[in-house]
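[1] Test case, fold it:
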Amino acid sequence: MLPVSKGVKTVRANMEKMQQQQAEAFKNAKQPNTATASAPKKEAPVEAEYIEFEEVKKK
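    This is a model prediction of the structure:
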């Protein structure tokens, strides 16, 4: 029973670590970057090629 509890603790610690990293990334993304906020860029639209496909049905 001991290895299971050790594994649960490890998984819980990893989950908490990932949640903290996501919270920090979200917080950093919310803060506007002064260089991009002051000078918005106009990007040319990207031309994409449309590829048709046939749906294959199994018999």
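
[2] where are the low-confidence patches of this structure?
    With pLDDT under 70 as the threshold, the chain has low-confidence stretches at 1-2, 31-46.

[3] Looking at it, which helix is longest?
    If each helix of the chain is counted by residues according to DSSP state H, the longest one is helix 2-30.

[4] Show me what that one is packed against.
    Based on contacts counted as 3 or more C-beta pairs under 8 Å, 6 or more residues apart in numbering; DSSP states H and E, there is no element that helix 2-30 packs against. Every C-beta, even on glycine, is put in place using the N, C-alpha and C of the backbone.

[5] quick one: buried residues of it?
    Of the residues in helix 2-30, none count as buried by neighbour count, 16 or more other C-beta atoms under 10 Å.

[6] repeat for stretch 51-59
    Residues of stretch 51-59 classed as buried under the neighbour-count rule (16+ other C-beta under 10 Å) do not occur.

[7] contact partners of that stretch?
    Stretch 51-59 is touched from outside by no residue, with contacts defined as C-beta atoms under 8 Å, 6 or more residues apart in numbering.

[8] Quick one: end-to-end distance for that stretch.
    In terms of C-alpha to C-alpha, to the nearest Å, the two terminal residues of stretch 51-59 are separated by 25 Å.

[9] quick one: Lys17 and Glu54, what's the gap?
    Distance of Lys17 to Glu54, given as C-beta to C-beta, to the nearest Å: 46 Å.

[10] nope, Asn28 is what I meant
    The value you get for Asn28 to Glu54, if C-beta to C-beta is used, is 45 Å.

[11] What spatial separation is found between Gly7 and Tyr50?
    When Gly7 is compared with Tyr50 (using C-beta to C-beta), they lie 48 Å apart.

[12] can you check Met15 too?
    As for Met15, its distance to Tyr50 is 41 Å (criterion: C-beta to C-beta).
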